[in-house]
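**Q** sharing a model prediction with you, sequence too.
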Amino acid sequence: MKKQSSIVPVRIIGIKKAKIVCETEDDEIILVEKPKMAKRDRNFSKIMDDLRHSGLWIPFNRKLKKILKYDWLDDSMTSLEF
């Protein structure tokens with residue numbers, strides 16, 4: 001049995017009234033509840049729709065059942081020099 005990571009890449013494939021429909025790389029469908037602030041935030045729906053159209057993969061935390069606000073790299077990676 002393969003161990004699942006708590007953070008997985010998802011792509012938004014649909015937007016419902018109260019949920020965001022996401023798909024993982026393994027074709028698993030995940031329904032994510034919209035945050036409570038989404039009703040007051042005019043930009044939230046626009047951003048989610050732009051992500052859906054672009055097909056970008058975004059980080060999702062399985063334990064928290066939330067789309068993450070930050071990118072894949074954490075702060076410790078930005079200090080590295082190549």
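**A** The structure has been received and is ready for your questions. Residues are numbered from 1 along each chain as shown.
**Q** quick check, central residue of this protein?
**A** Geometric centre of the chain, nearest residue: residue 67, 3.5 Å, by Cα atoms, centre = their mean.
**Q** pLDDT wise, what is that residue at?
**A** In the predicted model, residue 67 carries a pLDDT score of 90.
**Q** likewise residue 61?
**A** In this prediction residue 61 is given a pLDDT of 91.
**Q** quick check, it in contact with residue 9.
**A** No - Residue 61 lies out of contact with residue 9 (Cβ atoms under 8 Å); the separation is 11.5 Å. All C-beta spots, glycine's among them, are computed from the backbone N, C-alpha and C.
**Q** state the number of residues packed around residue 60.
**A** Residue 60 has 22 neighbours, counted by other Cβ atoms under 10 Å.
**Q** check what pLDDT residue 13 gets.
**A** The predicted local confidence for residue 13 is 97.
**Q** all strands for this structure, in order.
**A** 7-15, 19-24, 29-33, 58-61, 66-67 (DSSP state E).
**Q** make a markdown table from these and add distance to residue 47 to it.
**A** Listed next are the strands of the chain as a markdown table, based on distance: least, Cβ to Cβ, whole Å:
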| stretch | distance to residue 47 |
| --- | --- |
| strand 7-15 | 10 |
| strand 19-24 | 11 |
| strand 29-33 | 14 |
| strand 58-61 | 11 |
| strand 66-67 | 10 |
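**Q** these: which one's closest to residue 50?
**A** With Cβ to Cβ, the closest approach to residue 50 among these belongs to strand 7-15: 9.4 Å.
**Q** quick check: buried residues in the closest one?
**A** For strand 7-15, a neighbour-count test (16 or more other Cβ atoms under 10 Å) marks 8, 10, 11, 12 as buried.
**Q** just stretch 54-63 next, same as before
**A** For stretch 54-63, the neighbour count (16+ other Cβ under 10 Å) marks 57, 58, 60 as buried.
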